[in-house]
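Participant: build me a structure from this.
(chains A and B)
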Amino acid sequence: MSAEPNNVGGPIIAGTPLARMLDDYPVPALPADFADRVVAAAASRSEAAPLPLLRRSGSDRDSSSGRRGRRGWRMGRRIVIGVAGFGVLATAAAATGLLESFDIPVPTPQKVWASLTGAPPAASAIPATSLPRDPAPGALSPVVIDGPIDTPEELAEVFRRIDSVREGRVATRRQMVDKRIDDALERRRAAGLAVPSAEEEARLRQRIDEARARRDRSTSENIAIRREALSRKVESGVPLTREEVLRTLRDDKTLAEQRQRRDQWRQMSPQERREALGALPPEERRALIEAWRERRGVSAPATPEPLPAYPATTPSPDNSAAVPAGDPDQQ
Amino acid sequence: MTGHGDPSPAANRSAETGVDAVLAARMADRDPAALREVIAAYGAGLHRIAYRMTGDAHEAEDIVQETMLRLWDHAPRLAARHPADTAAAAGLRLPGWLKRVATNLAIDRLRLARRVSGDEIPEHADDAPLADALIEAGQRIDTARALVAALPERQRAAIVLTYYEELPNVEAAAVMDMNIKAFESLLLRARAGLRSAFASGMQGDAA
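Facilitator: Residues are numbered from 1 along each chain as shown, chains lettered A, B, ... in the order given. Below you'll find the model as predicted:
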């Protein structure tokens, strides 16, 4: 008695034990009055009962419009569910700010409506929290210098134009930073995350303002030094070209290096920063700390402590005292 | 099972001559004699399918009766789609239509019973004194019924249609409203399940 183990899914061959077992399944005959019962039931039947639902959509042999309709509705329902699900996920992602974190712009409803209707969005419909507008659009036009600059008046006019552009850019940048902070706080509030208290927020903004003031002071000092040099050139009769006046910070190799180094420091965690500082040669480390003290207006200790030898693996706690946890080269 | 599984000669004849279309037209005119003819021609085959699907004679009778009544109800629509005196009459094959309805009704009832009771195989306890031969025959029948009933509903239908009714795979697939590949896959699993259950039963007996 075997169960045809070598042909598990094949046809059941007559005469095998399984076939003999299956064949022992006789069917009783229908009752003699079965037809009478059915005819009587049919005679008393008034309304047509619906056909049982088909288990699957299969071949179209019968060309049944009803079946086609059901299949079409089934497919349509899947499409509707898919589209609705995608819409819900996209809306949730936009509402939680997820798309913005991937630099995917999310248009406001006003912009969408304007693109549909072709009409410009109403001024009143623009929310107060939209991107800040340039406070002095006219000042943002590029500065044009015709010919060489060889008189103090022309140079002063150039400085005035540059200042107007710079002020506009600084104001725009500050508004964008403020809006980013407000948006971040609003998103955290909407997501139910912890947000800083009013006192903490005030302290944070105060620190930002102080950092701005330090940066402005430093920048103004650099600009003043540079302008003084330019003025001396013009007064001595040396004409200046446009490129000489508009030399950007990016073109200054020293400044570019400083910026690159500053960015590297900023990307480090406080612990990494301490370790990196300890790995520097003593002279470079000392110069860095002095520069930081100078920018922060922190006076050096009356009796300078000997700089500890910073092992790469065990940062000294003195390091954190000498260099606060903040960026040593933040500005 | 050749005796039970012969594809009805009446079915082939009806397809060629349009007899089914004539019957449908007569039922559409509410002729009870036409319904009786259909019951006489196809009732036994439907009863075999329903009985082997459900394992219960009363359920099987109910399914056949319900199938015939569905045909009675839909006869006007079938007659309109396949007029008796046109070429479309040959397209009406009542046996296939009836088997499809009966199989689906049986699957519906099995699923409903499973949801309601959770029992797969009805137990038939009989305390009356019987002869040993009857007991042995009953045990064999119960074993065969248990083998078939252990399969899921759709696999059970595949075995009933192809093994007991000896339908070609294409026709059985059409009855179950499946494409042929899917049906063959289903049939493969059904046969494997049967053999596995049979082997388990044999091992249990040996133990």
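Participant: what about the residue of the stretch 101-250 of chain A found nearest chain B, neighbour count?
Facilitator: Distances between the stretch 101-250 of chain A and chain B by C-beta to the nearest C-beta are smallest at residue A:192, namely 41.7 Å. C-beta coordinates here come from the backbone N, C-alpha and C atoms, glycine included. Counted with other C-beta atoms under 10 Å in any protein chain shown, residues neighbouring residue A:192 total 7.
Participant: try residue B:180
Facilitator: Look at residue B:180: counted by other C-beta under 10 Å, it has 15 neighbours.
Participant: surely it touches residue B:173?
Facilitator: Yes. Counting by C-beta atoms under 8 Å, residue B:180 touches residue B:173, with 4.9 Å between them.
Participant: pull the longest helix from chain B.
Facilitator: Counting by DSSP state H, the longest helix found in chain B is helix B:180-206.
Participant: give me the low-pLDDT residue ranges for the stretch 101-250 of chain A?
Facilitator: Counting by pLDDT under 70, the stretch 101-250 of chain A shows low-confidence ranges at A:103, A:119-146, A:247-250.
Participant: next to chain B, which bits of it? Give me the list.
Facilitator: Nowhere does the stretch 101-250 of chain A come near chain B, counting by C-beta under 8 Å from any C-beta of the partner chain.
Participant: helices of the chain, start to end?
Facilitator: All of this is about chain A. When secondary structure is read from DSSP H, chain A shows helices at A:17-23, A:34-43, A:65-95, A:98-101, A:109-117, A:152-190, A:198-235, A:242-245, A:253-267, A:270-279, A:282-296, A:317-322.
Participant: can you look at chain B instead?
Facilitator: Remark: helices assigned in chain B by DSSP H are B:2-5, B:9-17, B:19-28, B:32-54, B:57-81, B:94-116, B:132-149, B:153-159, B:169-175, B:180-206.
Participant: need those helices in a markdown table with distance to residue A:244, can you?
Facilitator: Output for these, formatted as a markdown table (distance: least, C-beta to C-beta, whole Å):
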| stretch | distance to residue A:244 |
| --- | --- |
| helix B:2-5 | 103 |
| helix B:9-17 | 100 |
| helix B:19-28 | 101 |
| helix B:32-54 | 97 |
| helix B:57-81 | 93 |
| helix B:94-116 | 89 |
| helix B:132-149 | 98 |
| helix B:153-159 | 87 |
| helix B:169-175 | 87 |
| helix B:180-206 | 80 |
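Participant: who wins for proximity to residue A:20 among those?
Facilitator: Residue A:20 lies closest to helix B:132-149 among those, at 9.2 Å (C-beta to C-beta).
Participant: rounded mean pLDDT for the closest one, please.
Facilitator: For helix B:132-149, mean pLDDT is 70.
Participant: what sits against the residue lying closest to residue B:157 once chain neighbours are set aside?
Facilitator: Of all residues not flanking residue B:157 in the chain, residue B:103 sits nearest, at 5.2 Å (C-beta to C-beta, 6 or more residues apart in numbering or on different chains). Counting by C-beta atoms under 8 Å, 6 or more residues apart in numbering or on different chains, residue B:103 touches B:49, B:53, B:157, B:161, B:175-176.
Participant: go with 7 Å
Facilitator: Neighbour list for residue B:103: B:49, B:157, B:175-176 [criterion: C-beta atoms under 7 Å, 6 or more residues apart in numbering or on different chains].
Participant: out of those, flag the one nearest to chain A.
Facilitator: Distances from chain A to the contacts of residue B:103, taken by C-beta to the nearest C-beta, are shortest for residue B:176, at 7.0 Å.
Participant: that closest one reaches residue B:183, doesn't it?
Facilitator: Yes. The pair residue B:176 / residue B:183 is scored as a contact, 6.3 Å apart, by C-beta atoms under 7 Å.
Participant: how many other residues sit next to residue A:76?
Facilitator: Counted with other C-beta under 10 Å, the neighbours of residue A:76 add up to 10.
Participant: tell me the centre residue of chain B?
Facilitator: Centroid-nearest residue in chain B: residue B:49, 2.2 Å away (criterion: C-alpha atoms, centre = their mean).
Participant: just the pLDDT at it, thanks.
Facilitator: pLDDT recorded at residue B:49 is 95.
Participant: list the residues that contact it.
Facilitator: The neighbourhood of residue B:49, defined by C-beta under 7 Å, 6+ apart, consists of B:99, B:102-103, B:160, B:165.
Participant: for residue B:154, same thing?
Facilitator: Applying C-beta under 7 Å, 6+ apart, we find residue B:154 in contact with B:107, B:186.
Participant: can you do 6 Å?
Facilitator: By C-beta atoms under 6 Å, 6 or more residues apart in numbering or on different chains, no residues touch residue B:154.
Participant: from residue B:198, how far off is it?
Facilitator: Look at residue B:154 and residue B:198: by C-beta to C-beta, to the nearest Å, they are 19 Å apart.
Participant: for chain B, which residues are neighbours of chain A?
Facilitator: B:1, B:32, B:35-36, B:39, B:43, B:47-48, B:51, B:57, B:65, B:68-69, B:72-73, B:104-105, B:108, B:140-141, B:144, B:163, B:177-179, B:188, B:191-192, B:195, B:198-199, B:202 (C-beta under 6 Å from any C-beta of the partner chain).
Participant: re earlier: and the residue of the stretch 101-250 of chain A closest to chain B, how far from residue A:185?
Facilitator: Using C-beta to C-beta, we find residue A:192 at a distance of 13 Å from residue A:185.
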